[in-house]
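J.: compute the structure for the input listed below.
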Amino acid sequence: MAAACSSDVNPLREAATQIGYGAKPVAAPDFVANSRKGGGDFLPVGVSAPQRPIRAKSTEGQKALETELEGARSRNEAKGRAAEGAAKTTAKGLSAPKPAAVPAE
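T.: Predicted structure coming up:
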């Protein structure tokens, strides 16, 4: 009964496919099959992935990363100021919409 709910172990679907009805299984294209690594087993549910060793950056690497991040920050702030200025320039000629008149009863 439980196998009938599974999409990969469905005897009714298999029988329909064998006699010509239903979706035909499609093989993966060559570029997909060739790009997959062998032994791609999945981890069972509840099992943690093996831990990889963590390598600390050298002092020079840390300084380079800090410089790169500071540069990105200043570029983002400059883009924000430019966008704010463009919005103010665009909004100069606009006026706030006037409220619709409500008929008196």
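J.: the bottom helix or strand of this structure by mean pLDDT?
T.: Least confident helix or strand, the chain: helix 2-5 with a mean of 55, by mean pLDDT, DSSP states H and E.
J.: quick check: next helix or strand after that one?
T.: Counting by DSSP states H and E, the next helix or strand C-terminal to helix 2-5 is helix 11-18.
J.: which residues of the protein fall in strands?
T.: Assigned by DSSP state E, the strands in the chain number zero.
J.: can you pull out the helices in it?
T.: Shown for the chain, the helices assigned by DSSP state H span residues 2-5, 11-18, 30-35, 59-91.
J.: distance from the third one to the middle of the chain?
T.: So the one you mean is helix 30-35. In terms of CA atoms, centre = their mean, to the nearest Å, the centre of helix 30-35 is found 23 Å from the chain centre.
J.: identify the residues contacting that helix?
T.: residue 27 (CB atoms under 8 Å, 6 or more residues apart in numbering). Quick note: C-beta positions are derived from backbone N, CA and C, even for glycine.
J.: for it, C-alpha coordinates in PDB please.
T.: The C-alpha trace of helix 30-35 is given here as PDB (Å, rounded to 0.1, in the frame of the first residue of the first chain):
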ATOM      1  CA  ASP A  30      25.300  13.000 -21.700                       C
ATOM      2  CA  PHE A  31      26.700  16.300 -20.300                       C
ATOM      3  CA  VAL A  32      24.700  15.700 -17.100                       C
ATOM      4  CA  ALA A  33      25.800  12.100 -16.800                       C
ATOM      5  CA  ASN A  34      29.400  13.000 -17.500                       C
ATOM      6  CA  SER A  35      29.400  15.900 -15.000                       C
END
